[in-house]
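Student: Next comes the sequence, and after it the predicted model I'd like to discuss.
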Amino acid sequence: MDAAAAPHPFRIANYRAYWLVRLASMLALYSMMLIVSWQAYNIARETMDIAASAARLGMIGLLQFAPLFVLTPLVGWVADRMDRRFVARTVLIAQTGIAATLAWVTANDLMSLTILYGIAILLGTARAFMGPALGALAPNLVPKASLPTAIALSSIAWQAGMLIGPAMAGPLYVINPALPYMVSASLYALAAAAMFTIGKVPRTIIDKGKGPISQIIEGVTYVGQNKLVLGVITLDLFAVFLAGSTALLPVFARDILQVGEQGLSLLASAPAAGAALVALVFSFRPIRVNVGNKMLASVFLFGAVTIVFGLSKILLLSIACLFIAGAADMFSVYVRQSLIQLNTPDDKRGRVSAVSLLTISASNELGDAFSGMLAWIIGPVAAVVAGGGGAIVITALWAKLFPQIGAARSFEPNEPEATDPPPPSNAREALAAAAPAAGETKP
């Protein structure tokens, strides 16, 4: 289907329900996780110094990652073999119960690090099943030509959750510490209800003649053999693993910038605000040309502004750095997800999505653990600065190790030409199409 003739995803009822699921569940998740981190850090600070308390934040990330690491082969196979809607519905109901439990424990003043560690494990398990199911479901809901726009819109829902969830969590916590969890439980319930409205969708069934182990190995092997998919997945893994600073935001809010819960909400929302802006732009004007090199540039920028954030002692500058970091990360996410989805057969999308989720979680949750431990050893500021520098080095190294990334001129698989976007719809686009980007060459 020609891109100009592709229907807008919001014209498709199943996709509208899917988008609501994404929005409500992300609002719930990021609101809840910010308060989990805040409570963990404050409980630790009652008996520990800053460095040791930062390490406890790292433990929260590590415990979320552990179930995903163990379950990745299984959850990818489940997403390809079972009804993806059923998997998502089950997980959303479970997450509603987790949020309600946190609300009850907080309201009764029973919260402890042990409880928070247990909740982190449960959340990691739930997200392990949810990610591949939702990620593999999206391409079944819209025509292929509509998928880049659908991914951008899905990213808007995700980033809106990251923006609004933390922004509302702090003020709600000030009113009543249990209130953010109550709101999260309600949002998860809404997401579960929306998921039940998605009707049957077409999908490719994997070869039932193969055993589960063979099917799992097949999905992992595909990622290893497709150098473009492998390159974009691992670039995100190592760059965000090193340069992730979100786990240390409670440290910066309380002890470095000294801005309290309200400042913490601003800091936590800033990356999502930048990411949401980029996703909004892409939902109207998705990029189509020279996508690989643009992804590399965005990861480089992400590392650079992370360094500035680590050195900043001014709240507004810190917010600006996190805003730019979020925008750069969203640019990278958009390109990566589009390349993965359009370069992966539908019968393998669940398993490939599981591998992608594992690397995303490794870069986020395991990266949080790494940041916390590094902050314990060399201090939070030095940890963030070193991580940003590491992301820059990784970007340069991956550009050499995986030339397929820079050679990706469009999202289409096996696309030989970089400068053949769809016909321009107006004179301005015609002029833009006639002028190649600086430094752009044909493969």
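Tutor: Good, I have the coordinates.

Student: now the helices for the stretch 51-200 of the chain?
Tutor: Assigned helices in the stretch 51-200 of the chain, in chain order: 84-107, 113-141, 147-175, 179-196 (criterion: DSSP state H, counting those that start in this stretch).

Student: now the angle from the last one to helix 147-175?
Tutor: Helix 179-196 runs at 150 degrees relative to helix 147-175, counting by axes from the mean of the first three to the mean of the last three CA atoms, to 10 degrees.

Student: hang on, the earlier thing: could you redo the helices of the stretch 51-200 of the chain as TSV and give each row mean neighbour count and mean pLDDT?
Tutor: Every C-beta, even on glycine, is put in place using the N, C-alpha and C of the backbone. Conversion of those to TSV gives the following (neighbours: other CB atoms under 10 Å; pLDDT from 0 to 100):
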stretch	mean neighbour count	mean pLDDT
helix 84-107	20	92
helix 113-141	22	83
helix 147-175	23	83
helix 179-196	22	95
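
Student: how about JSON lines for the ones you listed, with distance to Asn42 added?
Tutor: Formatted as JSON lines, these follow (distance: least, CB to CB, whole Å):
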{"stretch": "helix 84-107", "distance to Asn42": "12"}
{"stretch": "helix 113-141", "distance to Asn42": "11"}
{"stretch": "helix 147-175", "distance to Asn42": "11"}
{"stretch": "helix 179-196", "distance to Asn42": "14"}
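
Student: I'd like to know which of the ones you listed is closest to Ala270.
Tutor: Shortest separation from Ala270 across the helices of the stretch 51-200 of the chain is recorded for helix 147-175, at 8.4 Å, computed as CB to CB.

Student: Just want the angle from the closest one to helix 113-141.
Tutor: Interaxial angle, helix 147-175 versus helix 113-141 (the same axes, to 10 degrees): 150 degrees.

Student: what's the angle between helix 147-175 and helix 84-107?
Tutor: Using the same axes, to 10 degrees: helix 147-175 against helix 84-107 is 10 degrees.

Student: tell me what helix 147-175 is packed against?
Tutor: On a contact count with 3 or more CB pairs under 8 Å, 6 or more residues apart in numbering; DSSP states H and E, helix 147-175 meets helix 13-45, helix 113-141, helix 179-196, helix 260-284, helix 315-342.

Student: got TSV for these, with distance to Ala297 too?
Tutor: Supplementary listing: the helices and strands packed on helix 147-175 in TSV, determined by distance: least, CB to CB, whole Å:
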stretch	distance to Ala297
helix 13-45	26
helix 113-141	25
helix 179-196	35
helix 260-284	13
helix 315-342	8
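
Student: Of the helices of the stretch 51-200 of the chain, which is nearest Trp376?
Tutor: Set against Trp376 and scored by CB to CB, the helices of the stretch 51-200 of the chain come closest in helix 113-141, at 15.6 Å.

Student: just checking, what packs against the closest one?
Tutor: When contacts are defined as 3+ CB pairs under 8 Å, 6+ apart, helix 113-141 sits against helix 13-45, helix 50-81, helix 84-107, helix 147-175, helix 315-342, helix 349-361.

Student: Would you mind saying which of the helices and strands packed on helix 147-175 lies nearest Val305?
Tutor: Of all those, the one in closest proximity to Val305, counting by CB to CB, is helix 315-342 (4.6 Å).

Student: Same question for the closest one: list its buried residues.
Tutor: For helix 315-342, burial by neighbour count (16 or more other CB atoms under 10 Å) applies to 315, 318-342.

Student: what does stretch 33-50 give?
Tutor: Within stretch 33-50, the residues scored as buried using 16+ other CB under 10 Å are 33-41, 43-45, 50.

Student: Quick one: the residues you listed as TSV, columns for distance to Arg285 too.
Tutor: Listed next are the buried residues of stretch 33-50 as TSV, based on distance: CB to CB, whole Å:
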residue	distance to Arg285
Met33	32
Leu34	32
Ile35	36
Val36	37
Ser37	35
Trp38	37
Gln39	41
Ala40	41
Tyr41	40
Ile43	46
Ala44	45
Arg45	46
Ile50	44
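
Student: Looking at the residues you listed, which has the smallest pLDDT value?
Tutor: Of all the buried residues of stretch 33-50, Ile50 has the smallest pLDDT value, namely 82.

Student: Quick check: phi and psi at Met111.
Tutor: When read as degrees, to the nearest 10, the backbone of Met111 gives phi -70, psi 140.

Student: now Glu46: how far from Gln404?
Tutor: According to CB to CB, to the nearest Å, Glu46 stands 51 Å off from Gln404.

Student: now swap in Leu248 and tell me
Tutor: With the distance defined as CB to CB, Leu248 ends up 34 Å from Gln404.

Student: do the same with Arg84
Tutor: From Arg84 over to Gln404 (counting by CB to CB), the distance is 29 Å.

Student: so Ser312 makes contact with Ser318?
Tutor: Yes: because the distance of 4.5 Å satisfies CB atoms under 8 Å, Ser312 is recorded as touching Ser318.

Student: Which neighbours do these two have in common?
Tutor: Residues touching both Ser312 and Ser318 do not exist when contact is defined as CB atoms under 8 Å, 6 or more residues apart in numbering.
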